[in-house]
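Colleague: Fold the following and give me the result.
(2 chains)
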Amino acid sequence: MLIARNLTKEYQSGDHTIAVLRDVSFEIPQGEFVAIVGPSGSGKTTLLGLLAGLDAPTRGTVELDGRPFSTLDEDARARVRGEKVGFVFQSFQLVPTLTALENVQVPLELRGEPGAPARARELLQRVGLGDRMHHVPAQLSGGEQQRVALARAFVNRPRILFADEPTGNLDSDNGARIVELIESLNRESGSTVVLVTHDLGLAARTQRVIRLSDGVVVSDGRSGAADGARRQTADAASD
Amino acid sequence: MRAKAIFVLAWRESRTARRRLLLYMSSIFLGVAALVAIDSFAENVTSSVREQSRALLGGDLSIASRAPLPEPVRALLDTLAVRDSVQSADLTTFASMAVVPRTTLTRLAQVRAISPGYPFYGEITTQPQGRLASLQQGRNVIVDPSLLVSLDARVGDTLALGNARFVIAGTVENTPGETGITSAISPRVYMSDRWIPETGLLVFGSRAEYETLLKLPPMSASQQVRFLARYRPRLEPADAQPRIRMRTVAENEFNLTDAIDDLRRFLGIVGLVALLLGGLGVASGVHAFVMRKIDTVAILRCVGATSGQVLAIYVLQAAAMGLVGATAGAVLGVGIQLALPGVMSELLPVDVTVRVAPMPILLGLGVGLWVALVFALRPLVALRRISPLQALRRESDATVMRATRWALAPMLISLAIIASVVAIATSRADTLLEGVMFAAGVGAAVLVLWASAALLVSQARRVARPGWPFTLRQGIANLYRPGNQTRVVALALGFGVFLMSTLYQVQDNLLRTLTVRLEQSRANVVFFDVQADQRDGVDSLIRAGGHEVVQEAPIVPMRIASINGRTIPDLQNDSGPGRRAAWALRREYRSTYRSTTQPSETITKGRWFGAPDGDDVYEASFEQELAEELKVGIGDTVTWNVQGVPITTVITSLREVNWARFETNFFVVTEPAALERAPQQFVLLAHAPSPQAIALLQRSVVRIYPSVSSIDLTLVQQTVGNVLGKVVVAIRFLAVLSLALGIPVLFSAVSATRRDRVREGVLLKTLGATRHQVNRILLAEYALLGVLGSLTGVLLSIGAAWALSRFVFETRFVPALMPALLVSAGMTLLAIAIGALTGREVFRSTPMAALREV
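Modeller: Residues are numbered from 1 along each chain as shown, chains lettered A, B, ... in the order given. Just a heads-up that it's a prediction; the model follows:
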């Protein structure tokens, strides 16, 4: 369960205080697939950063599985991320000097978990990159890089996955493939998925859409379109 | 902490950066090499001195004096020989013209007349072997090979010394305890001391050195201490005139190693400078490295790495590369050390046994690694500030790295850097104060550079005029915009120029004083040991050849008997600040008398001699530094012992003497009436137009007056020139070395903000800027930075070199402006070149590629 309570984020700009987020509250049950949508500048990415513990809110709290995120210090938040959180970014964000396999292993190795190479191989095979494990990011296409990032995100069996415009830098074919992978990994692992996007087609495939405008939640709920889209994919999968 | 995982990750993550990191760490490479080479070499020389200490002295004890040993000492030696079987052997050293009748060539030589048994320890080796024994068998001499060359002679020729004739039986190969320079300036001739009277060379006023070596019978160390305690006061009587100096093996060893320590300290400072410059290179290089790692660190933080883990990864990488750099430096240092004895053998009094000494290597490695780490740590701690948020939304490098004010860790590291510099400097300097002063000087230079950069930043905003071309305004704006690199580059560049130029200025000045000494004289041949009855004869021989007598000075040997009525023993009992320097009280003064001053001296206090007033207190002029040592001034009375006759003088003037001029200069000059009638000899300086004329003149004088010595000054100049030539090569090498050190430092400094520059350039290009415009902007920025940094550095270096010359080396300082400007122009060009390289990169990347990163 991920709970946001009265999240407010303000920046100081000269004498002015600019509120990027104002009093944002919601609860996301375990296993739910949620999209956060809104126009450019509405505060989506800021909200994601707060939810994932990458940044601290000015006011308000974030709670993951009953533990408040916002009262922890930087390093404690890093440890929680290592244990419970996975990330997928618009620009892939792989460590350029490490191979695909090594990139996927990093979160497990940082925690000192045994069996990191086996688990990483398994996931790379799962995303269809069994034959590209020893390539460095520069030798992979955008779609392939994003699949490596997905494998890395799921390698520590995260309770929750945050995805920031995961298809934003990809063509539609590769984008679709990534979304399908996220969906199926979400189903298999029971992870919560929080997706930030301005692609309404993509949002329509989730179970719930939280809509932001000017830093405020303007709507939150399961849309008909979402249901329809979901049914469609399920049908396609069962075909 | 999962230590193994961190190691593995550090290793993997360094994959593409290893070469770059190694380049940064290579900055310390040369510094470590210098330290290891200098320390190892000094250690080898010191241990060689220790091993060969008895051979270096030649006996267990040495007693030396400017006169034959007084009768009581002789008598004691005879008693000791009979009663305690203490053996003794004598060495008498004096100068003489050596003439080979066959070739008619002459050269001033250093005659060493030895008695049987000399030396007791060590061996004077000869070519052919074993010819030293032949000296005691007949009228034979052994000479330095260089004498054979300059006299165009060979073994078997006859050699004339004064009135005696000898057969050259062989050449000297090696003499323990002497440097090759001795023989280069004045070649040695060994003969038996029983022929001294036959040569007729030791006459009144001749300068000779008398040394007696003692060999003690086998005895334990404590017995030796008792022996010394008992006989030293009688072998080295305190009231002996002239003074008798006794040295034991241990004292001789201490003197030699002490001199080597001084050399080591001086060279060590050069090594330290190289190491500091290296540290600066590491710091700015790692700073650039950190900038490139922002993205990776943000990702690592996102996937759960703590700031400690991130820091550990990069500190490990830096430490590993630092170790590689320091190790390579140590290896090079050992290599240099192996080569050094070959190069320096002529300058050293011992045969150096080269071996690899572990301590200097470990020390060099340790200091190098420490400097690399502590300087790398300063930029590395900034990695802890990188927020994982950067993976989500990348801000500019400058924003990411903006320092928190008064953060604890960087301040602690800065303190550690300062403490390290002070500690290393102190350990290498003579005194704690010197070390602290050195560190403070470096600190002050950094401060001034920093301040001048800050001034540039604040002024750049003001000076730019809207009417100026866009590219120039943009270039100037780069100097003060957020994320500017003005301070970093100005500091790195300025400090590099400062160190390089200071080294050059100081050395240039030291060399200049040496060359001035040889050039500023019109005379090119000197005749000395001219007796009063030979003076007119020599004078007319010179004039007969049509040559000019440049200067003629009488020389009267004398000693101080009392000052203001107090005798020498009385004065020596003084203590505290009023105590007069012992050497000045007891030395023999070779003084002159004349009624006018010389061009090489100026009166600084009092007035020159007036007309003689007929009383028996005469006027005297003292050299001002001597007066300081003796604590005397205008109006003080000094009574002299002139060959047994007391002569009283009153000081009426003090002179500053330019000792650097090759003229006959004197500590003490009296009015003529004081010394005219004293026993005296003369020095004549003459000028002859060509080397042939000089040789001819020397030959004609020595034929008629065999005891008169002469030196061809052009020859001395050549010999000294040869030695100086080697020194100059060494200095040039150091200068090039420090320049080579400066380049990676500058590269690292500029590349630190390269990424931001490229991004801005690409953005401008996207907006329609031409290649030409982007280049012009970069050119304006880097040229300004280069000029500011290097000019500040040069100005600072002139100040520092002045201070070093004035207070440490005590020479007059003349700034070498042209080389300084060349260095500064070179560094400016280098900065511009690096700017141009950045420009090329701007045009290599496509706008999309660069902008997508933002």
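
Colleague: use CA for all of it now, contacts and neighbours both
Modeller: Noted.

Colleague: And residue 65, its phi and psi?
Modeller: If you meant another chain, say so; for now it's chain A. phi 50, psi 40 (degrees, to the nearest 10).

Colleague: could you do chain B instead?
Modeller: Dihedral angles for B:Ser65 - degrees, to the nearest 10 - are phi -160, psi 160.

Colleague: Show the contacting residues for the residue nearest to it when sequence neighbours are not counted.
Modeller: In this structure, B:Ser65 finds its nearest non-sequential neighbour in B:Ile244, 4.8 Å apart by Cα to Cα, 6 or more residues apart in numbering or on different chains. Shown in contact with B:Ile244 (Cα atoms under 8 Å, 6 or more residues apart in numbering or on different chains): B:63-66, B:236-238.

Colleague: hmm, 6 Å instead?
Modeller: Neighbour list for B:Ile244: B:64-65, B:236 [criterion: Cα atoms under 6 Å, 6 or more residues apart in numbering or on different chains].

Colleague: Contact residues of the stretch 1-150 of chain B facing chain A?
Modeller: Contact residues, the stretch 1-150 of chain B versus chain A (Cα under 6 Å from any Cα of the partner chain): B:2, B:5, B:13.

Colleague: Please indicate which of the residues you listed are buried?
Modeller: Among the residues of the stretch 1-150 of chain B next to chain A, those that count as buried by neighbour count (16 or more other Cα atoms under 10 Å in any protein chain shown) are B:5, B:13.

Colleague: Where does confidence bottom out across the residues of the stretch 1-150 of chain B next to chain A?
Modeller: Least confident of the residues of the stretch 1-150 of chain B next to chain A in the model: B:Arg2, at 70.

Colleague: Where does pLDDT dip in the stretch 351-500 of chain B?
Modeller: B:394-406, B:430, B:481-485 (pLDDT under 70).

Colleague: got the residues of it near chain A?
Modeller: Counting by Cα under 6 Å from any Cα, the stretch 351-500 of chain B sits next to chain A at B:388-389.

Colleague: can you give me the helices for the stretch 351-500 of chain B?
Modeller: B:358-380, B:389-392, B:397-400, B:408-428, B:432-463, B:470-480, B:486-519 (DSSP state H, counting those that start in this stretch).

Colleague: Tell me which helix or strand comes right after the longest one.
Modeller: Same thing as helix B:486-519. strand B:525-531 (DSSP states H and E).

Colleague: Let's test this: mean pLDDT of that following strand, rounded?
Modeller: So the average pLDDT for strand B:525-531 ends up being 86.

Colleague: just checking, what packs against that strand?
Modeller: Counting by 3 or more Cα pairs under 6 Å, 6 or more residues apart in numbering or on different chains; DSSP states H and E, the packing neighbours recorded for strand B:525-531 are strand B:681-687, strand B:709-712.

Colleague: Excluding chain neighbours, what is closest to B:Gln534?
Modeller: Counting by Cα to Cα, 6+ apart, the residue nearest B:Gln534 is B:Tyr705, at 7.5 Å.

Colleague: if I look at B:Arg83, how far off is chain A?
Modeller: Applying Cα to the nearest Cα, to the nearest Å, the value for B:Arg83 to chain A is 85 Å.

Colleague: Near that residue, how many other residues are there?
Modeller: If you count neighbours by other Cα atoms under 10 Å in any protein chain shown, B:Arg83 ends up with 9.

Colleague: And the residue of the stretch 51-200 of chain B closest to chain A?
Modeller: Residue nearest to chain A within the stretch 51-200 of chain B (Cα to the nearest Cα): B:Glu51, separated by 56.1 Å.

Colleague: can you point me to the longest helix in the chain?
Modeller: Since you didn't name a chain, this refers to chain A. The longest helix of chain A (DSSP state H) is helix A:172-189.

Colleague: Switch to chain B, please.
Modeller: Under DSSP H, chain B gives helix B:249-292 as its longest helix.

Colleague: picking up where we left off before, could you redo the residues of the stretch 1-150 of chain B next to chain A as a markdown table and give each row secondary structure?
Modeller: Shown next, in a markdown table, are the residues of the stretch 1-150 of chain B next to chain A (DSSP: H, G, I helix; E, B strand; the rest coil):
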| residue | secondary structure |
| --- | --- |
| B:Arg2 | coil |
| B:Ala5 | helix |
| B:Glu13 | helix |
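
Colleague: So which elements touch the longest helix of chain A?
Modeller: Packing partners of helix A:172-189 (3+ Cα pairs under 6 Å, 6+ apart): none among the helices and strands.

Colleague: Good, we can wrap up now.
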